[in-house]
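Undergrad: Predicted model and sequence below, questions to follow.
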Amino acid sequence: MKVLGIGDNVVDKYVHQRTMYPGGNALNFSVFAKGEGADAAFLGVFGDDDEARLVENTLQQLEIDISHCRHHSGENGCARVTLENGERIFLGSNEGGVTRLNPIMLSEADREYIRGFDIIHTGLYSHTGHLLGELNELGIPLSFDFSDDFEDEQVERYIGNADFAFFSCSHMTDEETRNYIKAKRRRDGQILVATRGGDRSIAYDGTAFYYQTPELIEAVDTMGAGDSYITAFLMSMIKDGNIQAAMQEGSRLAAKSCRVEGSFGFGARY
């Protein structure tokens, strides 16, 4: 299986440890997929600072294809983070750094490259909204993560292009979550999934709702848990199309990732 994450790469700077870890929704997807046995690639924008070098060197160590990434002078994406009882708390960011300042424009070589993948994942923090229509036209299943601070205007603008749409809905009840994802479904074949932290995740395919209780563990760090759920869910869906089995896979990998510092380790002092 060949998978591609397009969009954000960051370092998460843990201010209480003076340690930074590679991360970012699209990049995490590629890394987690590689760990699950996929042939993974990442397409994004790197800066020219120590933060960028940490991310790029990590991807090279993991043998993730970054041959179509861009490089620009300036700050790589970074966020400041702390932990409270294993729960990651975001303190602020540079909003993507060079990824935000230099939006990716696809060349014909990029489009031909992307056609070789089985699924593409991107998200709200990836600064790829302008690409969604173009990506959709390539005919590759497209996944989009709306994360936890989505606004209705953003959802309405982007969701029509997504085959898979993910929301973090810890702030909603079961009923509110069901009503929300049902109301946002826009076309046949589209599957919407809401993860909800320690509460059960809910999926909707236009016909039925599906539920999955998370694997409850004592978390070292919840950073990347939602991204790992998304990765395992998508890989399972591409493999056999069984929504319930995909949700089980998502919960499995999310629990596993909560036992690791940062999204997937590879920390460096700063």
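TA: Cool, the structure landed.

Undergrad: I'd like to know which elements the stretch of helix or strand Tyr21 belongs to is packed against.
TA: Per DSSP states H and E: Tyr21 is located in strand 19-23. Applying 3 or more CB pairs under 8 Å, 6 or more residues apart in numbering; DSSP states H and E, we find strand 19-23 packed against strand 10-14, helix 50-61, strand 268-269. No exception for glycine: its C-beta is placed from N, CA and C like everyone else's.

Undergrad: what does the helix or strand of the chain with the lowest mean pLDDT contact?
TA: Using mean pLDDT, DSSP states H and E, strand 87-93 stands out as the lowest-scoring helix or strand of the chain, at a mean of 91. Under the contact criterion CB atoms under 8 Å, 6 or more residues apart in numbering, strand 87-93 has outside partners 10, 12, 15, 77-83, 219, 221-223.

Undergrad: mind listing what Thr219 touches?
TA: Wrong residue type there; residue 219 is Ala, not Thr. Neighbour list for Ala219: Gly86, Glu87, Ala225, Cys258, Arg259 [criterion: CB under 8 Å, 6+ apart].

Undergrad: let's see it at 7 Å
TA: Ala219 sits next to Gly86, Cys258 when contact means CB atoms under 7 Å, 6 or more residues apart in numbering.

Undergrad: Shouldn't it be within a strand?
TA: No: using DSSP: H, G, I helix; E, B strand; the rest coil, the assignment for Ala219 is coil, not a strand.

Undergrad: any idea of the pLDDT on it?
TA: You'll see Ala219 listed with a pLDDT of 90.

Undergrad: Met172 sits in which helix or strand?
TA: Here Met172 is assigned to no helix or strand, by DSSP H and E.

Undergrad: Quick one: name whatever helix or strand follows the strand holding Tyr21.
TA: With secondary structure assigned by DSSP H and E, strand 19-23 is succeeded by helix 25-35.

Undergrad: Show me where this protein has its strands.
TA: Assigned by DSSP state E, the strands in the chain fall at 2-7, 10-14, 19-23, 39-46, 70-71, 77-84, 87-93, 119-123, 142-145, 164-168, 191-196, 199-204, 209-212, 268-269.

Undergrad: Grab the CA positions of the second one and hand them over as CSV.
TA: So the one you mean is strand 10-14. The C-alpha trace of strand 10-14 is given here as CSV (Å, rounded to 0.1, in the frame of the first residue of the first chain):
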residue,chain,number,x,y,z
VAL,A,10,6.3,20.9,12.6
VAL,A,11,8.4,20.4,15.7
ASP,A,12,6.5,20.3,19.0
LYS,A,13,8.6,22.1,21.5
TYR,A,14,8.0,20.7,25.0
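
Undergrad: What strands flank it, and is each parallel or antiparallel?
TA: The strands beside strand 10-14 in its sheet (DSSP bridges) come out as strand 19-23 (antiparallel), strand 77-84 (parallel).

Undergrad: Surely Glu134 touches Met105?
TA: No: counting by CB atoms under 7 Å, Glu134 sits too far from Met105 to count as a contact (9.5 Å).

Undergrad: more neighbours, those two?
TA: Applying other CB atoms under 10 Å to Glu134 and Met105 shows that Glu134 carries more neighbours, namely 15 against 10.

Undergrad: Enumerate every residue touching the residue nearest to the spatial centre of the chain.
TA: Closest to where the C-alpha atoms of the chain average out (CA atoms, centre = their mean) is Asn25, at 3.2 Å. Counting by CB under 7 Å, 6+ apart, Asn25 touches Gly7, Asp8, Gly123, Tyr125, Ser126, Asp145, Asp227.

Undergrad: show me the contacts for the first one.
TA: When you say that, I think you mean Gly7. Applying CB under 7 Å, 6+ apart, the residues contacting Gly7 are Asn25, Ala26, Gly44, Thr122, Gly123, Ser126, His127, Thr128.

Undergrad: Let's see if you can find the most crowded of those.
TA: Gly44 (31 neighbours).

Undergrad: wait, doesn't it sit right on Thr99?
TA: Yes: using CB under 7 Å, Gly44 is in contact with Thr99, at 6.3 Å.
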